[in-house]
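Undergrad: I'd like to go over a predicted model; first the sequence, then the structure.
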Amino acid sequence: MIFAAIFRVYFKISVNSCNSWRKNMFYNLKIILRNLRRGGIYSAINIGGLAIGMAAAILILAWTWHQWSYDRFHTKEKQLYVAYNRILVGGSIQCSDWTSMPLGPTLKTDYPEIAGVARMIYDDYLYAGEDVRLKIRTGCTDPDFLTMFDFPLLHGNKETALNDPQSVILTESAAIRLFGTGDPIGQTLLVNNQHPVTVTGVMKDLPGNTRFQSEAFMPVSFLKILGRFIDSWGTNNLQTYVELHPDARPEQVNESIRGVNNSHTGNRAQTEVFLYPLGKRYLYAKFENGEPVGGMIDTLRLFGIIAGLVLLIACINFMNLSTARSAKRAKEVGVRKVLGGKRMSLIRLFLGESMLVALIAGAVALILAMMVLPEFSTLMGQQLTLNPANGWFWVAGSGFVLFTGLLAGSYPAFYLSSFRPVKVLKGLFSRQRGAISSRKVLVVTQFTVACALIVSTLVVHRQIEYALDRESGYNKDQLIYMMLDGDIGKNYELIKNDLITSGVAVSVTKNSGPMTQGWNNTWGVTWKGKDPDARITFEMLFADSGWSKTVGATIIEGRDIDVYAFPTDSSAMLLNESAVKIMNFENPVGEIVSTQGRDWHVVGVVKDFILNSPYERVAPMFIGGPSGWFGVMHIRLNGVNRMAGNLAETEQTFKRYNPAYPFEYRFVDEEYARKFGEVQQLGTLATWFAGLAIFISCLGLFALVAYIAETRRKEIGIRKVLGASVGNVILLLSKEFLMLVLISVAVASPIAWWAMNQWLSGYAYRTDIPWWLFVVVGCISVGIALLTVGFQAVKAATANPVKAISSSE
């Protein structure tokens, strides 16, 4: 009975407390909405500034999550690894995920800790159906691929789909392109006009967040049918993926397999094999001296910082306006405290207000982000999505709004709740004055971030321009290339003759790779006087006659390779300037250089040209005569003719000699321009977010000056009556803020200089950061602030002083 009575009393108190809590909550909500409505333009600026900052952060976080999720969605992700080679080259340890054909089967057979292996080698194959011919990017792999990775088959059996060497799995989009809406299973396709294959599966289109980007998959054993199966430990031409058993320890496995390559090559290669987690491969792909040091993760961190800074600037707007308008809330605080209100209840009230503002801003931000997402996805080159149907989307969104509300409202809540009721009600409340106030610190912080972002943007664009101005070393204009597919190689001389005699082309050459990518390199180059222990990587290219004329390279010593005039030039070699320096040749022409088990005689030296990254030093390189493999054909079109006419005539020529294959070509200048894509993307994003940062900062500054001018209206009126000029009033309202902006520039300059020097250090070929850049940023910042402050200052200075003095407010 006693316990029952206690329970009834407790229940009654709980119900009353709950009812009281609900009543207080709705009462506080009513007050918060009333204050927001009364805030007018200031509430709109608070919500608008937060919304813009939150929208920017949402977009960056969507991209960051997409990058972070690369190949992390597989069920066995913790068991999946990529095989790497670690080798000492040129005095430093280099790592590469290019491995040999026999490595995978050996790992699976000899090491019980390894549950599965999938090799992967890519190529473009021509697939011919009844009415369609398509070149499709194809990955040749092992049957384990389908059980190791989560790429579901819509049709077919993943246990057997790749067992037959002449089987193929198509992605859904490739199947539709080849067979329309019909059932492709069991259908036959002709690969490269010679080899029939049977469709054994249809795979769901691969997502954008994976390194596996193919539209078809075939067994590695199909390469034997093509005659391209190189079963050699000395040829690294594919990637090897490994699945460990759940109870296997990666450290022990790496210790066991490190010498597997050396044991099969008689220790000639001195190569260590190790397994690297698949989930880290995309983010941590940069190695230095044999250890991972970063990669895409550095870019993610950079943009994460930018997102945080933009959001911080928006939150500072809220803090500044909330504290600036403290005089209007002071009496409210005083009355509440006199009537028994506790400081904690006031903090909850003000935090509730900031939460509501953050919630409204979050809704606006989501709408803005959804509107901008397609353009942002195009800019980033990724298919980004925001999926409101996913429950975790709302969980993350709620956390984001909560974090933003706390960040923006914490300082105003503690500041406003600290007012003493006696002073406030007696009219003794005074705003922060002093040389250093929290509001000044916040304004300086805000503009420091904005100025640092402006400096960073200018440095990024300066680096881009610096690389664009770098001489490529060859003539990219009117130069195209295509693959030597089908009968092009067999009919090369006929095609070349027709193009030149028709006046469509000036010169033609065939090579082992394009001028815009290094396809082959080797450290097995020897010459007279070389240190036998030195391993230096050389880029290598093979070419027939007319190479320098076709690509526009400059021969600075000796002559070009020409097997028609000099039959022995099948073993001739050109060196670039960097190679000559490394070899320490005083008179390189006539020297003998050995590589790949044969001797080559040097006939000329070519001026350094950019083969790979325009931001890196030119690597040593040799161009060998026509005794190697050729896969590319370069054509120098006749600039006298119209480009469209040249291409149309060229297409007709190729259709005449290679009718089974589509005519596909690439412009060298466009391919070269793509080398700048990543940094240009960074520059574009930096520009947009720097612009957003300065806009949000100026939005807050505009509202802050407007409010200060409003609260000092009588003071300004009295000053004008006493003889102050418009200029005096403008100076009165502007000088403090302009000084804060100058301080921001001074603080931001060394920070931005250090940060951008760190960024530039990642490029061997990089620009400098001149002192005048900071002067320009200072002038831009002061100019923008002056325009922002000046508008409100002029408005206040030109107002009628009589109305201001007679105002009752």
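TA: Nice, I can see it.
Undergrad: Report the contact partners of the residue nearest to Arg119 when sequence neighbours are not counted.
TA: On the basis of Cβ to Cβ, 6 or more residues apart in numbering, the spatially nearest residue to Arg119 that is not a chain neighbour turns out to be Gly104, at 4.6 Å. C-beta here means a position set from N, CA and C on the backbone, and glycine is covered the same way. Contacts of Gly104 were listed using Cβ atoms under 8 Å, 6 or more residues apart in numbering, and they are Ala83, Val117, Ala118, Arg119, Asp142, Thr240, Val242.
Undergrad: Make TSV out of those residues and add neighbour count, distance to Leu699 and secondary structure.
TA: Listed next are the contacts of Gly104 as TSV, based on neighbours: other Cβ atoms under 10 Å; distance: Cβ to Cβ, whole Å; DSSP: H, G, I helix; E, B strand; the rest coil:
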residue	neighbour count	distance to Leu699	secondary structure
Ala83	25	53	strand
Val117	23	57	strand
Ala118	25	53	strand
Arg119	25	56	strand
Asp142	21	58	coil
Thr240	28	54	strand
Val242	28	54	strand
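Undergrad: From Gly677, how far out is Trp65?
TA: The span separating Trp65 from Gly677 equals 22 Å under the rule Cβ to Cβ, to the nearest Å.
Undergrad: ok, those two, which is more surrounded?
TA: A direct count of neighbours by other Cβ atoms under 10 Å for Trp65 and Gly677 places Trp65 higher, at 14 against 10.
Undergrad: Show me which positions of the helix or strand where that one lies end up buried.
TA: Counting by DSSP states H and E, the secondary-structure element that holds Trp65 is helix 41-68. When neighbours are counted by 16 or more other Cβ atoms under 10 Å, the buried residues of helix 41-68 are found to be 42-43, 45-64, 66-68.
Undergrad: Does it pack against any helices or strands, and if so which?
TA: Based on contacts counted as 3 or more Cβ pairs under 8 Å, 6 or more residues apart in numbering; DSSP states H and E, the elements that helix 41-68 packs against are helix 2-39, helix 296-324, helix 343-380, helix 391-416, helix 677-711.
Undergrad: Measure how far it is from the centre of its chain, please.
TA: Averaging C-alpha coordinates over helix 41-68 and over its chain gives two centres that are 19 Å apart (Cα atoms, centre = their mean, to the nearest Å).
Undergrad: what about it, average pLDDT?
TA: When pLDDT is averaged over helix 41-68, the result is 86.
Undergrad: swap in stretch 548-560?
TA: pLDDT averaged over stretch 548-560 equals 93, rounded to a whole number.
Undergrad: Ends of it, what's the gap?
TA: 7 Å (Cα to Cα, to the nearest Å).
Undergrad: contacting residues around it?
TA: Contacts of stretch 548-560 from elsewhere in the structure, counted by Cβ under 8 Å, 6+ apart, are 473-476, 479, 506-509, 515, 545-547, 574, 577, 588-589, 602-607, 609, 634-636.
Undergrad: can you check stretch 177-184 too?
TA: Contacting residues not belonging to stretch 177-184 are listed as Tyr127, Gly129, Val132, Leu134, His155, Leu170, Ala175, Gln187, Leu189, Val199, Val202 [Cβ under 8 Å, 6+ apart].
Undergrad: Helix or strand: which one has the nearest residue to the fourth one once chain neighbours are set aside?
TA: The shortest distance from Leu134 to any non-neighbouring residue, by Cβ to Cβ, 6+ apart, is to Tyr127 (5.4 Å). Counting by DSSP H and E, the secondary-structure element that holds Tyr127 is strand 114-128.
Undergrad: who does that strand pair up with?
TA: Here strand 114-128 is paired, per DSSP bridges, with strand 133-141 (antiparallel), strand 188-191 (antiparallel), strand 236-244 (antiparallel).
Undergrad: Go through these and pick out the most buried.
TA: Burial of the strands paired with strand 114-128 is given as mean neighbour count (mean count of other Cβ atoms under 10 Å); strand 236-244 ranks first at a mean of 23.
Undergrad: which residues sit in contact with Ser734?
TA: By Cβ under 8 Å, 6+ apart, the contact set of Ser734 is Leu786, Val789, Gly790, Ala793.
Undergrad: switch the cut-off to 7 Å
TA: Contacts for Ser734 (Cβ atoms under 7 Å, 6 or more residues apart in numbering) come out as Val789, Gly790, Ala793.
Undergrad: closest to Leu732 among those residues?
TA: Using Cβ to Cβ, Ala793 is the member of the contacts of Ser734 that lies nearest Leu732, at 8.1 Å.
Undergrad: tally of neighbours for that closest one?
TA: 26.
Undergrad: tell me what whichever strand or helix holds it is packed against?
TA: Element membership of Ala793 [criterion: DSSP H and E] is helix 772-797. For helix 772-797, the packing partners by 3 or more Cβ pairs under 7 Å, 6 or more residues apart in numbering; DSSP states H and E come out as helix 438-468, helix 677-711, helix 726-760.
Undergrad: hmm, 10 Å instead?
TA: Contact here means 3 or more Cβ pairs under 10 Å, 6 or more residues apart in numbering; DSSP states H and E; on that basis helix 772-797 packs against helix 438-468, helix 677-711, helix 713-721, helix 726-760.
Undergrad: Buried deepest among those helices, which one?
TA: Highest mean neighbour count of the helices and strands packed on helix 772-797: helix 438-468, a mean of 22 (counted as mean count of other Cβ under 10 Å).
Undergrad: Can you give me the distance of Ile313 to Ala686?
TA: Counting by Cβ to Cβ, the separation of Ile313 from Ala686 is 15 Å.
Undergrad: Same check on Glu465?
TA: The value you get for Glu465 to Ala686, if Cβ to Cβ is used, is 14 Å.
Undergrad: next one: Leu575
TA: Counting by Cβ to Cβ, the gap from Leu575 to Ala686 is 40 Å.
Undergrad: again, but for Cys140
TA: With Cβ to Cβ as the criterion, Cys140 and Ala686 are 40 Å apart.
Undergrad: Also Thr200?
TA: The value you get for Thr200 to Ala686, if Cβ to Cβ is used, is 48 Å.
Undergrad: Then Ala644?
TA: Where Ala686 is concerned, Ala644 sits at a distance of 37 Å (Cβ to Cβ).
Undergrad: Kindly export stretch 158-176 (C-alpha atoms) in PDB.
TA: These are the backbone C-alpha positions of stretch 158-176, laid out as PDB (Å, rounded to 0.1, in the frame of the first residue of the first chain):
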ATOM      1  CA  LYS A 158      28.500 -16.100 -61.100                       C
ATOM      2  CA  GLU A 159      30.000 -19.500 -60.200                       C
ATOM      3  CA  THR A 160      30.400 -20.600 -63.900                       C
ATOM      4  CA  ALA A 161      30.000 -17.400 -66.000                       C
ATOM      5  CA  LEU A 162      33.800 -17.100 -66.600                       C
ATOM      6  CA  ASN A 163      34.800 -20.700 -66.700                       C
ATOM      7  CA  ASP A 164      34.900 -20.900 -70.500                       C
ATOM      8  CA  PRO A 165      37.800 -19.100 -72.200                       C
ATOM      9  CA  GLN A 166      35.400 -17.900 -74.900                       C
ATOM     10  CA  SER A 167      32.700 -16.500 -72.600                       C
ATOM     11  CA  VAL A 168      31.900 -12.900 -71.900                       C
ATOM     12  CA  ILE A 169      29.900 -11.000 -69.300                       C
ATOM     13  CA  LEU A 170      28.300  -7.700 -70.500                       C
ATOM     14  CA  THR A 171      27.100  -4.800 -68.300                       C
ATOM     15  CA  GLU A 172      23.400  -4.000 -68.600                       C
ATOM     16  CA  SER A 173      24.100  -0.900 -70.700                       C
ATOM     17  CA  ALA A 174      26.500  -2.700 -73.100                       C
ATOM     18  CA  ALA A 175      24.000  -5.600 -73.500                       C
ATOM     19  CA  ILE A 176      21.300  -3.100 -74.500                       C
END
